[in-house]
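In: Got a sequence here, can you model it:
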Amino acid sequence: MTIAVELGEKRYDRQERIGWWDQERLAQSRVLVIGAGALGNEIVKNLVLVGVGSIVVVDFDTVELSNLARCVFFREEDEGRPKASTLAERASALNPNVKVHGIDGDARAFGAGIALRADVMVGALDSREARLFTNRLAWRAGRPWVDGAIEALMGIARVFSPPDSCYECTLTDADFEILAHRQSCRLLSREDLLDGKVPTTATTSSIVAGLEAQEVVKLLHHDVDGVKSLDGAMVFDGANNDAYPLRYPFDDDCIAHHTYTDPVEWEPALNATFADVTAAVGWDDAIVELGDDHVVRWTCPGCETVTPAGTPVALVRFGDAECPKCAEVRQPEAISSIGVPSDDAALTLIDLGVRPDEVLAVRRGLDYRYVWVKSPAPELPEEWW
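Out: Numbering: from 1, shown residues only. So this is what the prediction gives:
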């Protein structure tokens with residue numbers, strides 16, 4: 001009798017020697033990474049190497065020459081190429097067992113469904129606005145997310161997991177003042193809305209991204225004995241050789257703490273109305289909350305032209321306010337909810353620019369029900385549908 005003995009090591013041999021490690025669980029996991037810069041490159045690299053099954057990376061930016069000093073996957077010939085798809089293409093070559101998909105676009109164009117489809121979300125972001133959106137997306141879906149930030153030789157990695165404290169709980173009054181000012185200035189150019197250039201190094205981004213990826217692995221093993229996710233933040237001070245944990249308070253009044261539990265999964269027709277949304281939960285009179293403000297029309301003070309619109313305020317771009325007839329700056333009218341019945345109840349979801357795959361809250365008095373308008377963005381890979 002011949003006995004076959006496997007002498008070669010398996011790909012994941014060393015990490016599978018960790019007692020609680022479940023490689024099959026990682027292989028079946030879906031992780032959403034928002035941001036494809038210095039942190040995003042390192043986070044994706046680590047998640048690919050450990051064998052996370054499917055990774056979606058979202059970023060609207062393009063590769064710049066200065067990215068080459070901090071981003072392991074970018075090359076000189078990539079200058080001007082979209083970051084997300086370039087990163088995905090290069091990262092896919094590291095591990096044939098992992099699917100990495102890049103979406104070259106703004107994460108704020110996605111509804112909460114993309115968070116529901118993910119097991120864990122990761123932020124590799126550079127602005128308060130982007131973190132605020134990611135945080136509310138995570139809370140609505142009831143999903144944990146890992147955030148990271150870097151500056152010079154300092155960095156921070158932190159975990160926000162409902163129902164514990166969230167990113168918005170960490171903001172000070174000064175932070176909210178800055179956000180209020182910037183969110184009221186939607187007519188600024190894209191460059192004006194970005195935080196600016198932050199000094200940092202490849203070493204700092206590697207350390208913080210390593211911590212973020214490690215927290216993702218632990219979150220994917222959240223129900224396993226011997227594994228404890230970061231409770232708050234880990235601060236790294238490379239200049240003074242110091243590292244320490246940080247706990248955040250829980251704000252009982254934080255408006256971000258609203259999880260859309262047990263949503264009705266609804267696949268509507270393209271011309272579905274808001275009356276159809278309330279009918280999906282068995283109500284014929286209710287308020288449909290949009291989640292954030294949506295511009296419904298523009299009014300020009302110059303030529304008095306009124307133009308219907310339908311887009312989330314967060315996606316209003318520089319130039320959208322200019323009147324096509326007289327070039328005056330138009331005034332937007334925004335709403336955050338639709339009453340049923342009302343004159344607006346017959347509007348379709350498309351009319352108001354409701355995001356694909358959005359989860360809508362339907363309220364009657366203090367009673368809430370939720371509708372997942374299941375229409376995954378075509379950019380998502382098949383395994384996320």
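In: same for the helix or strand containing residue 310, what does it pack against?
Out: Using DSSP states H and E, residue 310 sits in strand 306-312. Applying 3 or more Cβ pairs under 8 Å, 6 or more residues apart in numbering; DSSP states H and E, we find strand 306-312 packed against strand 286-299. Backbone N, C-alpha and C define where each C-beta goes, glycine included.
In: Off-centre distance for the strand it packs on?
Out: Centre-to-centre, strand 286-299 and its host chain are 21 Å apart (Cα atoms, centre = their mean, to the nearest Å).
In: same thing with stretch 364-375?
Out: On Cα atoms, centre = their mean, the centre of stretch 364-375 falls 21 Å from that of its chain.
In: What residues sit buried inside it?
Out: Along stretch 364-375, these residues count as buried under the neighbour rule (16 or more other Cβ atoms under 10 Å): 368-375.
In: and which of these is nearest residue 104?
Out: residue 375 (20.1 Å; Cβ to Cβ).
In: On the three-state scheme, the closest residue to the closest one other than its chain neighbours is what?
Out: Spatial nearest neighbour of residue 375, excluding adjacent residues (Cβ to Cβ, 6 or more residues apart in numbering): residue 356 at 5.0 Å. Of the three states, residue 356 takes coil according to DSSP: H, G, I helix; E, B strand; the rest coil.
In: cool, residue 218 as well?
Out: Going by three-state DSSP: residue 218 is helix.
In: In the record's domain split, what are the boundaries for this structure?
Out: For the chain, the structural domains run 13-246, 264-384, going by automatic domain parsing.
In: Go through those domains and pick out the most buried.
Out: domain 13-246 (a mean of 19; mean count of other Cβ atoms under 10 Å).
In: From one end of that one to the other, what's the distance?
Out: Start-to-end span of domain 13-246 (Cα to Cα, to the nearest Å) is 34 Å.
In: pLDDT averaged over it, what's the number?
Out: Averaging pLDDT along domain 13-246 gives 91.
In: so how far is it from its chain's centroid?
Out: 9 Å.
In: need the helices for the stretch 251-385 of the chain, in chain order.
Out: 274-280 (DSSP state H, counting those that start in this stretch).
In: Correction: the previous question concerned the stretch 51-200 of the chain.
Out: Counting by DSSP H, counting those that start in this stretch, the helices of the stretch 51-200 of the chain are 83-92, 113-117, 128-141, 173-183, 190-193.
In: Can you tell me which of the buried residues of stretch 364-375 lies closest to residue 306?
Out: residue 373 (27.9 Å).
In: Enumerate every residue touching the residue nearest to that closest one when sequence neighbours are not counted.
Out: Nearest residue to residue 373, sequence neighbours excluded (Cβ to Cβ, 6+ apart): residue 358, at 5.3 Å. Going by Cβ atoms under 8 Å, 6 or more residues apart in numbering, residue 358 touches 111-113, 291, 349, 372-373.
In: Dump these to a markdown table, plus distance to residue 272.
Out: Shown next, in a markdown table, are these (distance: Cβ to Cβ, whole Å):
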| residue | distance to residue 272 |
| --- | --- |
| 111 | 14 |
| 112 | 17 |
| 113 | 15 |
| 291 | 17 |
| 349 | 6 |
| 372 | 13 |
| 373 | 8 |
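In: Nearest to residue 364 among those?
Out: Looking across these and measuring by Cβ to Cβ, the closest to residue 364 is residue 291, at 17.5 Å.
In: which residue is nearest the middle of this structure?
Out: residue 134 (4.1 Å; Cα atoms, centre = their mean).
In: how much space between that one and residue 106?
Out: According to Cβ to Cβ, to the nearest Å, residue 134 and residue 106 sit 12 Å apart.
In: Check residue 94 too.
Out: When residue 94 is compared with residue 106 (using Cβ to Cβ), they lie 27 Å apart.
In: Same check on residue 221?
Out: For residue 221 relative to residue 106 (Cβ to Cβ), the value is 31 Å.
In: cool, residue 372 as well?
Out: 21 Å.
In: now residue 274
Out: 25 Å.
In: Residue 64 too?
Out: Counting by Cβ to Cβ, the gap from residue 64 to residue 106 is 18 Å.
In: Likewise for residue 207?
Out: 28 Å.
In: All the strands of the protein, residue numbers only.
Out: 30-34, 54-59, 99-104, 120-123, 145-151, 154-160, 232-237, 242-246, 264-266, 286-299, 306-312, 331-340, 359-364, 367-373 (DSSP state E).
In: just checking, residue 385 touches residue 376?
Out: Yes - assessed by Cβ atoms under 8 Å, residue 385 is found in contact with residue 376 at 5.1 Å.
In: Touching both of these two, which residues are there?
Out: With Cβ under 8 Å, 6+ apart as the test, residue 385 and residue 376 both reach residue 117.
In: And residue 347, what's its pLDDT?
Out: 92.
In: Do I have it right that it meets residue 338?
Out: Yes - Residue 347 is within contact range of residue 338, at 6.9 Å (criterion: Cβ under 8 Å).
In: Nice, that's everything, thank you.
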